[in-house]
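Student: Pasted the sequence and its predicted model underneath.
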Amino acid sequence: MLNLEYIRSQFPGLETDWVLFDNAGGSQIARPVVDRINEHFYTSNVQLDGSYPHSVLARERHDEAHRKLAEWINADDPKELIMGSSTSLLVRILADNFRRILRDGDEIIVTNCDHEANIGAWRDLANYGFKIKEWRLNPDTLALEKEDLEDLLTKKTKLVAFTAASNVLGMLNPVKEFTRTAHKYGALVCVDAVAYTPHRLIDVKETDVDFIVFSFYKTYGPHYAMMYGKMDILNALPGFNHFFIREPPYKFQPGNYNFEFCHGLSALPDYFADLADKHGYKGENNRKERFKYIYSLIAGHEEGLSRKVLDYLNARNDIKIIGPVEYNADIRVPTIAFVQKNRDSREITLKTDEDKVAIRWGHFYAYRLINDLGLHKQNGVVRISMVHYNSLDEADRLIRALDYAL
Ligand SMILES: Cc1ncc(COP(=O)(O)O)c(C=O)c1O
């Protein structure tokens with residue numbers, strides 16, 4: 001069981017009379033992250049790599065953040081982490097690098113169901129002579145099937161772009177299996193983990209992903225993003241910076257980047273490691289094991305939240321859940337989308353506002369998915385998105401608000 005009283009005390013933004021269930025849009029920021037951002041501003045807000053102590057400290061803080069974030073996602077080398085303002089921008093930087101090394105006729109596979117960030121940047125390469133293929137989800141199960149991917153892969157496929165978790169369906173994809181399938185054909189993978197990292201631990205070694213990218217503003221941090229890339233591939237790419245900056249990560253990070261957020265984000269892995277200790281972790285003195293331990297407790301708690309909301313929605317015959325109807329934590333995260341018969345999704349959301357329950361309607365930039373499901377005409381779906389700091393009492397408040405709104 002998670003100690004929600006303690007956890008919620010770490011998120012000052014939760015001190016409101018609203019129930020915040022729009023976490024897939026943006027989560028609350030953890031207090032220790034804010035504290036370190038302030039610490040940077042007050043004690044090391046200077047340019048890195050000078051000889052004076054403030055600058056030395058700024059460099060130490062920066063490197064420590066990269067070390068901790070690398071350990072958190074199980075990357076060997078902190079230089080494999082590229083920081084940027086958003087996932088959308090980082091994917092565009094990566095796609096621009098591929099544009100410069102691909103050859104005419106090379107193929108890229110994108111899906112029809114993900115956030116546009118990991119689709120559009122790749123699709124735009126069609127303008128440069130590359131062939132874009134679409135991996136479509138199974139319209140009955142709403143799942144991406146490995147067999148369909150295999151039908152699309154050829155020796156010319158250079159990259160497959162897909163997500164770890166859908167920001168609309170809440171569905172988890174088997175990242176390791178999809179990656180293995182792409183690798184059989186010599187293709188690389190670029191995985192969007194934005195809707196995954198608030199709920200589950202990334203393990204770049206286990207999954208063997210080539211690139212994985214996510215945004216901290218949905219994972220308890222500020223508006224900032226990070227992309228992991230395998231070092232040998234980063235070395236082989238041309239970069240996106242001045243000609244004399246040849247080393248990862250700087251070759252992909254033009255200009256100064258956000259040192260205050262970097263230092264702040266060193267507190268995020270600390271938050272999860274400390275949470276493990278607060279929840280009775282008794283294993284080896286090892287942060288990676290602590291991460292695994294606390295994330296399994298988080299998955300258990302989230303399963304309880306999903307069960308409550310899904311049981312309610314499943315019991316109504318006027319509601320269609322858009323995504324897995326099961327609450328099992330191996331299949332989904334507690335991001336739950338639905339429509340009510342032909343009703344406008346926006347209308348429902350405005351009603352739940354009256355009860356101070358914040359949810360959201362729309363296409364959530366998974367524009368192609370909503371289009372292919374024919375849901376644009378009713379203003380997309382209603383999306384409820386919960387995370388580990390949300391309580392079962394809040395889920396009850398949501399259900400009461402839905403009872404009124406539906
Ligand atoms: C799954 C997914 N990918 C990518 C993005 C885009 O992230 P950013 O705003 O950092 O570009 C979002 C934001 O909603 C998202 O939910």
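Tutor: All right, it came through fine.
Student: for the residue of the stretch 251-400 of the chain found nearest the ligand, helix, strand, or coil?
Tutor: Using Cβ to the nearest ligand atom, Tyr365 is the residue of the stretch 251-400 of the chain that sits closest to the ligand, at 5.7 Å. No exception for glycine: its C-beta is placed from N, CA and C like everyone else's. Recorded secondary structure, Tyr365: coil (DSSP: H, G, I helix; E, B strand; the rest coil).
Student: In contact with it, which residues?
Tutor: 115-117, 167 (Cβ atoms under 8 Å, 6 or more residues apart in numbering).
Student: Then Asn138?
Tutor: Applying Cβ under 8 Å, 6+ apart, the residues near Asn138 are 144-145, 148.
Student: Relative to Glu247, which of those residues is nearest.
Tutor: Ranked by distance to Glu247 (Cβ to Cβ), those are led by Leu144 at 35.5 Å.
Student: isn't there a strand covering that closest one?
Tutor: No: counting by three-state DSSP, Leu144 is not part of a strand but coil.
Student: and it, how many neighbours?
Tutor: Neighbour count for Leu144, taken as other Cβ atoms under 10 Å: 22.
Student: what's the answer for the one 10 residues further on, then?
Tutor: The local packing count at Thr154 equals 13, with neighbours defined by other Cβ under 10 Å.
Student: likewise Gly255?
Tutor: Per other Cβ under 10 Å, the neighbour tally for Gly255 reads 6.
Student: could you list every residue that touches Leu402?
Tutor: Residues in contact with Leu402, defined by Cβ under 8 Å, 6+ apart, are 312, 348, 352.
Student: what about it, helix or strand, and which?
Tutor: Assessed by DSSP states H and E, Leu402 sits inside helix 392-405.
Student: Return the alpha-carbon coordinates of that helix using CSV.
Tutor: The C-alpha trace of helix 392-405 is given here as CSV (Å, rounded to 0.1, in the frame of the first residue of the first chain):
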residue,chain,number,x,y,z
LEU,A,392,-9.5,6.2,-4.1
ASP,A,393,-11.5,8.9,-2.4
GLU,A,394,-10.7,11.2,-5.4
ALA,A,395,-11.8,8.4,-7.7
ASP,A,396,-15.1,8.3,-5.8
ARG,A,397,-15.5,12.0,-6.3
LEU,A,398,-14.9,11.6,-10.0
ILE,A,399,-17.6,8.9,-10.1
ARG,A,400,-20.1,11.2,-8.3
ALA,A,401,-19.3,14.0,-10.7
LEU,A,402,-19.7,11.6,-13.7
ASP,A,403,-23.1,10.4,-12.2
TYR,A,404,-24.2,14.0,-12.5
ALA,A,405,-22.5,14.8,-15.9
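Student: for the nearest residue to Lys146 once chain neighbours are set aside, helix, strand, or coil?
Tutor: In space, Lys146 comes closest to Thr181 once its chain neighbours are excluded; the distance is 5.6 Å by Cβ to Cβ, 6 or more residues apart in numbering. State at Thr181, reduced to three classes by three-state DSSP: helix.
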